[in-house]
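Q: Okay, sequence plus prediction incoming.
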Amino acid sequence: MEIYVFRHGVAADAKPGQDDAMRKLTLDGKRKLRQILALARDVGVRPDVVLSSPYRRALETAQMARGMLDLRPSIIETRILIPLERPEAVWEEIRSHQDAKQVMIVGHEPQLSSVVGYLIGAPGASVDLKKGAIARVDVDLAGPRPTGVLVWLLTAKLAGA
């Protein structure tokens, strides 16, 4: 299975008293996401399943991916992708979609870097997943623990944003 680990785009700073979950993408964040997603589309990113954190900035990022990648599936909101959930829980959620060839998860740091490390069998690995970055990890679903390979990591800078 190809897993696309997608960190949300640049979001507005929280206003005094504003719930962090309600922060939305900035115009510049959306512009950068469009460039990243255009390259992702060119290399064949077409997930069968899109899982997203329920936080607004992640949902907006997932919605942009759905539109730009011309995806048919609905976005599945899951609390497993809120910032501090364990990578093992994310893995179990991914495995529940074992018929999919490609799964995209959209969320936050520091969780997503930990998920990438977990998926490649290096839970202590340090992965610098910038805002808007997408990492592709190919995994074998056969075992209870993932045995994945980091295939590529696309950042806004590489996309020319």
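A: Structure's in. What do you need?

Q: quick one, strands of the chain?
A: All strands of the chain, identified by DSSP state E, fall at 2-7, 49-52, 75-77, 102-107, 134-140, 147-154.

Q: To P83, which of those lies closest?
A: Proximity of the strands of the chain to P83 was assessed by CB to CB; the nearest stretch is strand 102-107, lying at 7.3 Å. For the C-beta atoms, the positions are set from N, CA and C on the backbone; glycine is no exception.

Q: Would you mind getting the angle between the closest one and strand 134-140?
A: 130 degrees (axes from the mean of the first three to the mean of the last three CA atoms, to 10 degrees).

Q: Now do the contacts for L112.
A: V5, R7, I105, L129, A135 (CB atoms under 8 Å, 6 or more residues apart in numbering).

Q: Once you drop chain neighbours, what's closest to M64?
A: L33 (5.2 Å; CB to CB, 6 or more residues apart in numbering).

Q: still on that earlier bit, in CSV, list the strands of the chain along with mean neighbour count.
A: Below are the strands of the chain laid out as CSV (neighbours: other CB atoms under 10 Å):
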stretch, mean neighbour count
strand 2-7, 24
strand 49-52, 24
strand 75-77, 17
strand 102-107, 26
strand 134-140, 20
strand 147-154, 16
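
Q: State the distance from V139 to V5.
A: V139 sits at a distance of 11 Å from V5 (criterion: CB to CB, to the nearest Å).

Q: Having no further points to raise, I will conclude here.
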